[in-house]
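Asker: missing the sequence, but the structure's below:
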């Protein structure tokens, strides 16, 4: 029943959902839509929106925000993974001195994606009920797929964060019955697609579509459907937006919101000209949700979450001076199944301060990469990650040279190359030139393995 999938749906929401699911130009949805937000979750989302307006992230270099010491103590008390560290690091300073809190915090061991990949259950607090647990399988754009444990009430908090990022540009996301607020566009070989309604947005629609023509009864339905929806906002990654720009769309959204990959300036300018609206570049991770939103010039990213502390660490784990590039490391967050404590993201930036306002600069996230088959078809790096997911690869890097040849470098003992080759050729075609190299380890710039690189031009 629809009410099982949407506990807070109204009659107006029912009507809109039917229209979206039965639309004559709708895609072949691959999954039933749902929004299992509870009444308590809706209250929490409204309170979170108020907190975003009233309490922007504020601290100075070398400081920690006032909420963090209590959060650390709670993590060591409630979370099995952190309890293994023993008691919180002791310092020679009195407990009531602000310096002791800072020094003690910086002595806490860091964590990373390998810890989360190995045992995500160990990061679930003892006191967290398992009711309505959602396990989200990431697509692994960085080459490290993860199972993220979360809750529908937490997923609803993405909406206030998006509204907060839009508000910086003087834009609103209004929602309301009978209209579509957000369309999430993808451009992949396959992905989940569905229609839903959002109680946080007052019964407005949310639709996820895949622009791959194979997901539609008629390739022309893509533009017809999206024009009929007239969504307030499109969200997606740069690869999906590049395909969106090729469609003969008349609709004019308030904004395009890019996440998951680095948005290059040339594509940003092209999209702004094509759609006549601002293009927001949001730095986000499945582990934490939206972290920061780029200011219009693109160099500076404004932090979004009031209870997410951001550090920049050097390779040895020491805090970097302001403006010096290092690894983005997170503590806090709003997912009750995944409290983060000094979590290394694998992304790099500097942290500057505008008074007490911390800002990310020189962000180096996950860049989009153009791969192409021998006959010129584009291949999304997300599809490559999905194809390689079944293989026990500790690390890998795929490079396409200017002549189109592929070179896959893998760090995996005893890997069988035959099925690995077969998986990639299923994407690129049987005639694709592919060399696979198994290595013990390899050095990459900045100590970071970059999964996807290409010498091909984007044109």
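Answerer: Sure, I can see it. These numbers come from a predicted model, not from an experiment.
Asker: C-alpha only now, for contacts and for neighbours.
Answerer: Will do.
Asker: Can you report how many residues neighbour residue 7?
Answerer: 15 (other Cα atoms under 10 Å).
Asker: Over to residue 84?
Answerer: What residue 84 shows, counting by other Cα under 10 Å, is a neighbour count of 9.
Asker: distance of it from residue 115?
Answerer: If you measure residue 84 against residue 115 using Cα to Cα, to the nearest Å, the figure is 13 Å.
Asker: for this structure, what are the low-confidence residue spans?
Answerer: Scanning the chain for pLDDT under 70 picks out the ranges 1, 90-103, 138-145, 365-368, 394, 412-414, 440-449, 457-459.
Asker: Spell out the residue ranges of the strands in the stretch 251-400 of the chain.
Answerer: 255-258, 279-285, 289-294, 300-303, 308-313, 326-332, 340-354, 357-364, 371-372, 378-379, 395-400 (DSSP state E, counting those that start in this stretch).
Asker: quick one: contacts of the second one?
Answerer: Judged by Cα atoms under 8 Å, 6 or more residues apart in numbering, the contacts made with strand 279-285 from elsewhere in the structure are 166, 255-260, 262-263, 268, 271-272, 290-294, 296, 298, 365.
Asker: Can you flag the buried ones in those?
Answerer: Buried residues within the contacts of strand 279-285, counting neighbours by 16 or more other Cα atoms under 10 Å: 166, 255-260, 262-263, 268, 271, 290-294, 298, 365.
Asker: residues in contact with the longest helix anywhere in the chain?
Answerer: Ranked by residue count under DSSP state H, the longest helix found in the chain is helix 39-54. Helix 39-54 is contacted by residues 8, 152-154, 156-157, 160-161, 164, 199-200, 304-306 when judged by Cα under 8 Å, 6+ apart.
Asker: how is this structure carved up into domains?
Answerer: 1-365, 371-454 (automatic domain parsing).
Asker: looking at these, which is buried most?
Answerer: Each of the domains of the chain was scored by mean neighbour count; the highest is domain 1-365, a mean of 18, by mean count of other Cα atoms under 10 Å.
Asker: could you measure residue 163 against residue 234, distance?
Answerer: Taking Cα to Cα, one finds residue 163 at 13 Å from residue 234.
Asker: what do you get for residue 45?
Answerer: 21 Å.
Asker: so what's the backbone phi/psi at residue 75?
Answerer: Note on residue 75: its backbone torsions stand at phi -60, psi -40 [degrees, to the nearest 10].
Asker: and it, what is it in contact with?
Answerer: Contact partners of residue 75, counting by Cα under 8 Å, 6+ apart, are 82-83, 125, 339, 341.
Asker: From residue 316, how far out is it?
Answerer: Per Cα to Cα, residue 75 is found 23 Å from residue 316.
Asker: Over to residue 347?
Answerer: Residue 347 is 15 Å from residue 316, by Cα to Cα.
Asker: Then residue 277?
Answerer: Distance of residue 277 to residue 316, given as Cα to Cα: 43 Å.
Asker: ok now stretch 386-403, how far from the chain's centre?
Answerer: With Cα atoms, centre = their mean, to the nearest Å as the basis, stretch 386-403 stands 20 Å off its chain's centre.
Asker: end-to-end on that stretch?
Answerer: Across stretch 386-403, first to last residue, Cα to Cα, it's 25 Å.
Asker: what about the nearest residue to residue 401 once chain neighbours are set aside, how many neighbours?
Answerer: Spatial nearest neighbour of residue 401, excluding adjacent residues (Cα to Cα, 6 or more residues apart in numbering): residue 455 at 5.0 Å. A count of nearby residues for residue 455, using other Cα under 10 Å, gives 14.
Asker: which other residues reach stretch 253-263?
Answerer: 141, 171, 230-238, 275, 277-285, 364-368.
Asker: can you check stretch 325-336 too?
Answerer: Applying Cα under 8 Å, 6+ apart, the set of residues contacting stretch 325-336 is 68, 71, 124-125, 128, 150-151, 154, 288-289, 305, 307-315, 320, 339-351, 362.
Asker: all helices for this structure, in order.
Answerer: Taking DSSP H, the helices of the chain run over residues 2-5, 11-22, 39-54, 68-78, 80-83, 98-106, 113-118, 152-155, 158-168, 221-229, 238-244, 265-275, 381-388, 417-428.
Asker: Which one of the ones you listed lies nearest to residue 60?
Answerer: Among the helices of the chain, the nearest to residue 60 by Cα to Cα is helix 98-106 (11.7 Å).
Asker: ok, so what distance separates residue 58 from residue 356?
Answerer: Going from residue 58 to residue 356 by Cα to Cα gives 5 Å.
Asker: ugh, typo on my part, it should be residue 180
Answerer: Following Cα to Cα, the distance that separates residue 180 from residue 356 is 38 Å.
Asker: what's the answer for residue 343, then?
Answerer: Counting by Cα to Cα, the gap from residue 343 to residue 356 is 23 Å.
Asker: now swap in residue 16 and tell me
Answerer: Distance, residue 16 to residue 356, by Cα to Cα: 45 Å.
Asker: Then residue 275?
Answerer: Using Cα to Cα, residue 275 is found at 36 Å from residue 356.
Asker: swap in residue 350?
Answerer: Distance of residue 350 to residue 356, given as Cα to Cα: 15 Å.
Asker: With residue 452 instead?
Answerer: Distance, residue 452 to residue 356, by Cα to Cα: 37 Å.
Asker: try residue 27
Answerer: In terms of Cα to Cα, residue 27 sits 47 Å off from residue 356.
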